[in-house]
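Participant: Below are the sequence and a predicted model; questions follow.
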Amino acid sequence: MEYVTSAPRPRSDAAGPARAGRRSLAVALTCGALGAAVALLATRQQWSRGTATVAGGPFPLSASGSDVTGVPAALAIVGLAALVAVFAVRRTGRFAVSALLALSGAGIVAAALFGASDSSALDEKAAQASGDTSATVDALTHTAWPYVAAAGGLLILVAGLLALRYGRLWPAMSGRYERSGAPRPRRRAAPDPDRPEELWKALDRGEDPTGA
């Protein structure tokens, strides 16, 4: 009589999702952290420059990324916080935080590209320098820093998309809290039978002093 035994499942099938989870986690962490750092750095740099006519002569002006728009810097901080929060939540909460991470990156890209051709910040500085509210900046030029900020936002967007796709495979923080958010109650030590006051305290609390 012949016995037919089922072949064991290859290890590669079971290890595939775990390997994909580890790789996606490493890539997401790198992209998210690097993207936030790049976006924050880019907003501190010069995005545009030009001249205004003050007292009959040219007056040089420049505007940093934070002068043009504060959206990329704010969303970079939000994205960085969302990247950390991904590991503190599970299931629906993780999906929501991952979506927030992706939206932060998309918002940075949109704001940076819009700011790459914006002249309102320099026009405002020209009006202040000349004392004429209708004054505008002349010889306007833009630097590449807005596109650097957009690249940082793109990295955050990639991190968010990876979190949406593979976040269910990522580990969660092991905390001392239950799902309800309340700390787990600690078991009280059994009262010492050699100390009568401990027995009376246990009885007052409605506990069994024998520890049974």
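Facilitator: Here it is on my side, so go on.

Participant: in the protein, which helix or strand is least confident?
Facilitator: helix 196-204 (a mean of 62; mean pLDDT, DSSP states H and E).

Participant: need the longest helix for this protein.
Facilitator: For the chain, the longest helix by residue count, based on DSSP state H, is helix 11-43.

Participant: Quick check: which ranges of this protein have low pLDDT?
Facilitator: Flagging of the chain using pLDDT under 70 yields the residue ranges 1-17, 173-212.

Participant: try 80
Facilitator: Within the chain, the stretches with pLDDT under 80 are 1-21, 53-57, 130, 132-136, 172-212.

Participant: same for the longest helix of the chain, what does it pack against?
Facilitator: Using 3 or more Cβ pairs under 8 Å, 6 or more residues apart in numbering; DSSP states H and E, the elements in contact with helix 11-43 are helix 65-68, helix 71-85, helix 91-115, helix 145-166. The C-beta positions use only the backbone N, C-alpha and C, and glycine is treated the same way.

Participant: change it to 6 Å
Facilitator: helix 65-68, helix 71-85, helix 145-166 (3 or more Cβ pairs under 6 Å, 6 or more residues apart in numbering; DSSP states H and E).

Participant: Could you name the stretch from those that's closest to residue 36?
Facilitator: helix 71-85 (4.2 Å; Cβ to Cβ).

Participant: angle of that closest one against helix 91-115?
Facilitator: 160 degrees (axes from the mean of the first three to the mean of the last three Cα atoms, to 10 degrees).

Participant: coming back round to it: tell me what angle the longest helix of the chain forms with helix 71-85.
Facilitator: Using the same axes, to 10 degrees, helix 11-43 lies at 150 degrees relative to helix 71-85.

Participant: how far out from the middle of the chain is helix 11-43?
Facilitator: Relative to its chain's centre, helix 11-43 lies at 13 Å (Cα atoms, centre = their mean, to the nearest Å).

Participant: oh, and call the first residue 34 from now on, that's how I've got it
Facilitator: Okay, residue one is now 34; in that scheme the one you just asked about reads as helix 44-76.

Participant: Next secondary structure after that helix?
Facilitator: Going down the chain from helix 44-76, the next helix or strand is strand 79-87, by DSSP states H and E.

Participant: What is the neighbour count of the nearest residue to residue 51 once chain neighbours are set aside?
Facilitator: Nearest residue to residue 51, sequence neighbours excluded (Cβ to Cβ, 6 or more residues apart in numbering): residue 202, at 7.1 Å. Number of residues near residue 202 (other Cβ atoms under 10 Å) recorded here: 15.

Participant: was I right about residue 202 contacting residue 54?
Facilitator: Yes: with contact defined as Cβ atoms under 6 Å, residue 202 reaches residue 54; the gap is 3.1 Å.
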